[in-house]
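> What shape does this take:
(one chain, ligands or ions: 1)
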Amino acid sequence: MSRPGIAKPTDFTAPDSRFPFPHSPTPTRCQTEPKLFDFTNGDHTNGDRAATEKRLEKARTACSSCPIVKNCLRWALVNKPVTKVGIWAATTPGQRTALRKRMADRLGPDWIDVLAAQDQARRERAAAARHTPLPVNQARIVRLDRAVNGPMPVHRLITPERQQHNLVRLTAGLKAAS
Ligand code: SF4
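Take a look at the predicted model:
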């Protein structure tokens, strides 16, 4: 498996579509320097254990400052078929095997399905929260506030004086409307 974002035509195993690879705001080190992250259990480049350890240390350090390390680890754990080799989220293949065992001990043998169901429930809750309309009274106040005080400023803070001023205008508007 090549690193996400650097597809190779030889990739035949698809990752689990329920767990999209996390988005990184900037290219990750494993994308820009994939060789650093090459590793198979028992692999010690040309028998040079010290050189391999040094390279792995560099990869681990890169992962520890990666903005998506937490979700990368999750992705690597649920996608065993495509992460059998290499350093992912600062872990070796052997360490990931141990972590998968711990996940199975904690959540049962179907732990990946459990995580997928948790993600789905979280997404549904977030969608419901986004689409739940305000109660009629609150919606009326929001509309009136926009009418008397204008739209909420996006890029500047509202000073306490301005808040007080807005409140006075909103209260007057509510009184006039009742
Ligand atoms: S945590 Fe490491 S392996 Fe994962 S995306 Fe970042 S640099 Fe790559």
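> How about Leu115: what's its closest non-neighbour residue?
Distances taken as CB to CB, 6 or more residues apart in numbering put Val78 closest to Leu115, at 6.5 Å, once the chain neighbours are dropped. Yep, even glycine has a C-beta here, placed from its N, CA and C like the rest.
> That neighbour contacts Ile112, doesn't it?
Yes - applying CB atoms under 8 Å as the test, Val78 and Ile112 come out as touching, 5.0 Å apart.
> Need the residues touching each of those two.
Asp16 (CB atoms under 8 Å, 6 or more residues apart in numbering).
> related to what we said a few turns ago, just give the number of residues close to the residue nearest to Leu115.
Neighbour count of Val78, defined by other CB atoms under 10 Å: 19.
> Let me see the contact set for it.
Asp16, Phe19, Ile112, Leu115.
> Now do the helix ranked longest in the chain: distance to the chain's middle.
Ranked by residue count, the top helix of the chain under DSSP state H comes out as helix 111-131. Distance of helix 111-131 from the chain centroid (CA atoms, centre = their mean, to the nearest Å) equals 14 Å.
> Stretch 169-178 too?
On CA atoms, centre = their mean, the centre of stretch 169-178 falls 44 Å from that of its chain.
> can you list the residues of the protein near the ligand?
Thr28, Arg29, Cys30, Ala62, Cys63, Cys66, Ile68, Val69, Cys72, Trp88, Ala89 (CB under 6 Å from any ligand atom).
> Which pLDDT value belongs to the third one?
The predicted local confidence for Cys30 comes out at a pLDDT of 96.
> For it, give its distance to Val85.
Remark: distance between Cys30 and Val85 (CB to CB, to the nearest Å) = 13 Å.
> The two: who's more crowded?
Taking neighbours as other CB under 10 Å, Cys30 and Val85 compare with Cys30 leading, 26 against 15.
> who are the neighbours of the helix or strand encompassing the more buried one, in terms of helices and strands?
According to DSSP states H and E, Cys30 maps onto helix 29-32. When contacts are defined as 3 or more CB pairs under 8 Å, 6 or more residues apart in numbering; DSSP states H and E, helix 29-32 packs onto helix 49-64.
> Going by neighbour count, list what's buried in the helix it packs on.
Buried residues in helix 49-64, counted by 16 or more other CB atoms under 10 Å: Thr52, Arg55, Leu56, Ala59, Ala62, Cys63.
> Let me have those residues in TSV, extended by pLDDT.
TSV is the format used below for these (pLDDT from 0 to 100):
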residue	pLDDT
Thr52	87
Arg55	91
Leu56	91
Ala59	96
Ala62	97
Cys63	97
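> which one of these is nearest the ligand?
Cys63 (3.3 Å; CB to the nearest ligand atom).
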